[in-house]
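S.K.: Sharing a model prediction with you, sequence too.
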Amino acid sequence: MPGLADICGVCKRKYPFSLPRSTMCRRAVCSSFGSRVGGATFCSRACGPSFFYPSAVDVEDPDAEESAEDE
C-alpha cells in the first residue's frame, strides 16, 4: 500500500501525497508524465496500448524466420 508521500517513477520528483500507479508496471506516476488510456493510468504513452493490445508489439524471432526458409 502506498504511503502518504510518493516519488514519481518517471521524473523522480517527491510529492506529499500518494500518486496513482501504472496499471502495467505498477510505478507511481505524476499527472505531468502519466497517461490515461481506457480509464487506467500508465507511466507512458507506449505502456497503455501495450497493455490493451499486446500483439500490436511484435517481437522478432530469428528461429521462426529460419524454419520458414527451410520449408
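M.R.: Yes, it's here.
S.K.: from here on, contacts and neighbour counts on C-alpha atoms
M.R.: Fine.
S.K.: distance of D6 from F17?
M.R.: Distance, D6 to F17, using CA to CA, to the nearest Å: 6 Å.
S.K.: can you give me the end-to-end distance of stretch 21-39?
M.R.: Start-to-end span of stretch 21-39 (CA to CA) is 13 Å.
S.K.: how about it: buried residues?
M.R.: Under the neighbour-count criterion of 16 or more other CA atoms under 10 Å, stretch 21-39 has R21, S22, T23, M24, R27, A28, V29, C30, G34, S35 buried.
S.K.: where's A5 relative to S18, distance?
M.R.: Distance, A5 to S18, using CA to CA: 5 Å.
S.K.: quick one: which of these two has more around it?
M.R.: Ranked by neighbour count (other CA atoms under 10 Å), A5 and S18 place S18 first, with 18 against 11.
S.K.: quick one on the thing from earlier: adding secondary structure and pLDDT as columns, could you present the buried residues of stretch 21-39 in TSV?
M.R.: Listed next are the buried residues of stretch 21-39 as TSV, based on DSSP: H, G, I helix; E, B strand; the rest coil; pLDDT from 0 to 100:
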residue	secondary structure	pLDDT
R21	strand	89
S22	coil	87
T23	coil	82
M24	coil	80
R27	coil	88
A28	strand	89
V29	coil	90
C30	coil	89
G34	coil	82
S35	strand	79
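S.K.: Now for the residues you listed: which two are most distant?
M.R.: Using CA to CA, the two most remote members of the buried residues of stretch 21-39 are M24 and C30, lying 15.2 Å apart.
S.K.: T41 contacts S35, doesn't it?
M.R.: Yes: counting by CA atoms under 8 Å, T41 touches S35, with 5.8 Å between them.
S.K.: Quick check: neighbours shared by the two?
M.R.: The overlap between the contact sets of T41 and S35 (CA atoms under 8 Å, 6 or more residues apart in numbering) consists of G48.
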